[in-house]
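Peer 1: this one's sequence-less:
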């Protein structure tokens, strides 16, 4: 009877997927916000709500870790995975908030393109976690996430170099350099999650 009181370890996989789905939803919200660029206060509030939801999922996983004797893989890797997903959604929320804080008139084409890369990465992470249970056949996900990171890095370099074309406004340079760096950080954080998934899979191969 006592064993039935222990949470089933399989529930962790469901929570990983739930967390990744929430991060993906936030990435799509950001991309939609930049593409339409209307009603920013509402859209920023939605991103904040998604970030809070991510915190709730992380806390749920943390509580389960404390009361579960047998976890699906190393506790350290579970912490790393959830922390990595938290980092992604934190950057996404901060990007949206910064557009409002800096009173940006309109996003650049590169900012929109970079947000689309984040969406693609988050789709791959979500799908990888959907299939994590078997610990097999996941290399294609992290390989593509890495490729997208390289693509995003090139975009940001191009965008920052372009800020100095002509006779730029120093204030605008400061604003957009901050935004591009945040976009790059979100892309890098997504790659970090892919690296964690790769590490988990390699350990169980």
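Peer 2: Cool, got the structure. Predicted, not measured: the structure shown is a model, and the values here were computed from it. Numbering: from 1, shown residues only.
Peer 1: residues in contact with residue 202?
Peer 2: Neighbour list for residue 202: empty [criterion: C-beta atoms under 8 Å, 6 or more residues apart in numbering]. Every C-beta, even on glycine, is put in place using the N, C-alpha and C of the backbone.
Peer 1: return the residues in contact with the most centrally placed residue in the chain.
Peer 2: Geometric centre of the chain, nearest residue: residue 88, 2.9 Å, by C-alpha atoms, centre = their mean. By C-beta under 8 Å, 6+ apart, the contact set of residue 88 is 23, 27, 118, 122, 125, 186, 189-190, 193.
Peer 1: which residue, other than its chain neighbours, is closest to it?
Peer 2: Excluding the flanking residues, the one nearest residue 88 by C-beta to C-beta, 6 or more residues apart in numbering is residue 189, at 4.6 Å.
Peer 1: tell me the SS of that neighbour?
Peer 2: helix (DSSP: H, G, I helix; E, B strand; the rest coil).
Peer 1: pull out the buried positions in stretch 41-54.
Peer 2: The neighbour-count check on stretch 41-54 (16 or more other C-beta atoms under 10 Å) flags 43-44, 46-47, 50-51, 53-54 as buried.
Peer 1: tally of neighbours for residue 106?
Peer 2: 9 (other C-beta atoms under 10 Å).
Peer 1: quick check: closest non-adjacent residue to it.
Peer 2: Per C-beta to C-beta, 6+ apart, closest to residue 106 is residue 37, 6.0 Å.
Peer 1: which secondary structure element is home to residue 122?
Peer 2: Per DSSP states H and E: residue 122 is located in helix 109-130.
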